[in-house]
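Novice: curious how this folds, go ahead:
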Amino acid sequence: MAPQASAHAVQAPLARPAGRAVELPRELLERLAQHSGARPDSGAGLPADAHALCPPWIRLAPPIMPATPRESSLPGVGLCCSMERDMRLVWWHGWGGQDCDTLRAAMVKAIHGPLAPQQHEAALAILERSAHAALGCGLAPRELPALVEHNPPLATAFLVRLAGTPLLPQFLERLTSATALSVQAMEVMNRMISGGHVSADATQQYLSRCMSQCGNIQDRFMQNRMVRLVCAFVAALVRSGAVDAAALRIEVQAFCIEFSRVKETQALFQLAGEAAAASRADEPHRRTQQPLS
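Specialist: Below is the predicted model of the structure:
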């Protein structure tokens, strides 16, 4: 009978008769007080801080108020409101397709070796007529150096198609910083720089890297060959005005002095000096033509 009385005493706070005090065991009061941090009364009854034993009220977050007509006209707000009203997915059928699949298959082969003439022409034709195929072919920036080495015209057409998109700086960064010094890489960069797709800072960075890499070539014959190619590359860019000769004057002079045994460096040294002198002579004239603010 004792356990039943104890259980009845524990359940007493849940159903207390009206007008009658409830007596709880001292052990239960101390346990409740210890759990809630409240101090029990000196006598029998509920703890003094009885509200600490009550469950917390669950308060729901208020709903979002609908946007007013003026708020809906603000930039970006109307789009969010329309998305809340219509959450259906929309599939763009222009993405992908047969051209994208064909170009993707060609790119997979192009990064491992030269393409067959027929497949190479087909890939160039796809890039010529579809800019979305270049975005959906799946080529990563780390794969660009391999594409440049094996298929330079295809790499150039691919980069031209990326012009004006956020992906182009990533590929150009990989091309200017991680691509080995080669004829194919300089050919691609020459077309990109001549087309105005490369910034002046990236162009100067790439040319400085080309001139510094010539000193790392151990074979003397290969080194002389690459020095001649770099001289022709830099001279062509200086003559076309695609690069500022004054900004590269120090690097060009150091390069020409280091490889003075190569005949082409003498012509490049003279050309860089003349271009830098002409640039300094035109500087006052350009300043006078600037409008006063």
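Novice: remind me which residues of the stretch 51-200 of the chain are low pLDDT?
Specialist: 51-56, 72-96 (pLDDT under 70).
Novice: contact partners for Ala185?
Specialist: Pro145, Val148, Glu149, Leu175, Thr179 (C-beta atoms under 8 Å, 6 or more residues apart in numbering). (Each C-beta comes from the backbone N, C-alpha and C, glycine too.)
Novice: Thr265 too?
Specialist: Val227, Cys231, Phe255, Cys256, Phe259.
Novice: what comes up buried for the host helix or strand of Glu71?
Specialist: Under DSSP states H and E, the secondary-structure element containing Glu71 is helix 69-72. Neighbour counts over helix 69-72 (16 or more other C-beta atoms under 10 Å) mark no residue as buried.
Novice: so what secondary structure elements neighbour it?
Specialist: helix 77-85 (3 or more C-beta pairs under 8 Å, 6 or more residues apart in numbering; DSSP states H and E).
Novice: gap between the nearest residue to Gln205 once chain neighbours are set aside and Glu27?
Specialist: Counting by C-beta to C-beta, 6 or more residues apart in numbering, Thr176 is the residue found nearest to Gln205 once chain neighbours are left out, at 5.7 Å. Applying C-beta to C-beta, to the nearest Å, the value for Thr176 to Glu27 is 79 Å.
Novice: looking at the two, which is more packed in?
Specialist: Thr176 (22 against 9; other C-beta atoms under 10 Å).
Novice: helix, strand, or coil at that one?
Specialist: helix (DSSP: H, G, I helix; E, B strand; the rest coil).
Novice: and it, what does it touch?
Specialist: For Thr176, counting by C-beta under 8 Å, 6+ apart, the contacting residues are Met189, Ala202, Gln205, Tyr206, Arg209.
Novice: can you count the residues close to the first one?
Specialist: Same thing as Met189. Met189 has 26 neighbours, counted by other C-beta under 10 Å.
Novice: now the fourth one
Specialist: As a burial measure, Tyr206 scores 23 neighbours (other C-beta under 10 Å).
Novice: right, and it touches Met189 too?
Specialist: Yes: the pair Tyr206 / Met189 is scored as a contact, 5.9 Å apart, by C-beta atoms under 8 Å.
Novice: what is in contact with those two at once?
Specialist: Shared contacts of Tyr206 and Met189, defined by C-beta under 8 Å, 6+ apart, comprise Leu175, Thr176, Val198.
Novice: any chance of a markdown table for these, columns distance to Ala242?
Specialist: A markdown table is the format used below for the shared contacts of Tyr206 and Met189 (distance: C-beta to C-beta, whole Å):
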| residue | distance to Ala242 |
| --- | --- |
| Leu175 | 16 |
| Thr176 | 15 |
| Val198 | 9 |
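Novice: which outside residues touch stretch 120-133?
Specialist: By C-beta under 8 Å, 6+ apart, stretch 120-133 touches 94-95, 99-100, 102-103, 106-107, 110, 114-115, 134, 151, 153-154, 157-158, 160-161.
Novice: before we move on, back to that, now for the contacts of Ala185: which two are most distant?
Specialist: Using C-beta to C-beta, the contacts of Ala185 reach their maximum pairwise distance at Glu149 and Leu175, which is 11.4 Å.
Novice: the two: who's more crowded?
Specialist: Each of Glu149 and Leu175 has its neighbours counted (other C-beta under 10 Å); Leu175 has more, 23 against 19.
Novice: list the contacts for the more buried one?
Specialist: With C-beta under 8 Å, 6+ apart, Leu175 has these contacts: Leu144, Pro145, Val148, Leu159, Ala185, Val188, Met189, Tyr206.
Novice: out of these, who's nearest Met65?
Specialist: Nearest to Met65, judged by C-beta to C-beta, of the contacts of Leu175 is Leu159 at 48.9 Å.
Novice: in contact with the closest one, which residues?
Specialist: When contacts are taken as C-beta under 8 Å, 6+ apart, Leu159 is in contact with Leu168, Phe171, Leu172, Leu175, Val188, Met192, His197.
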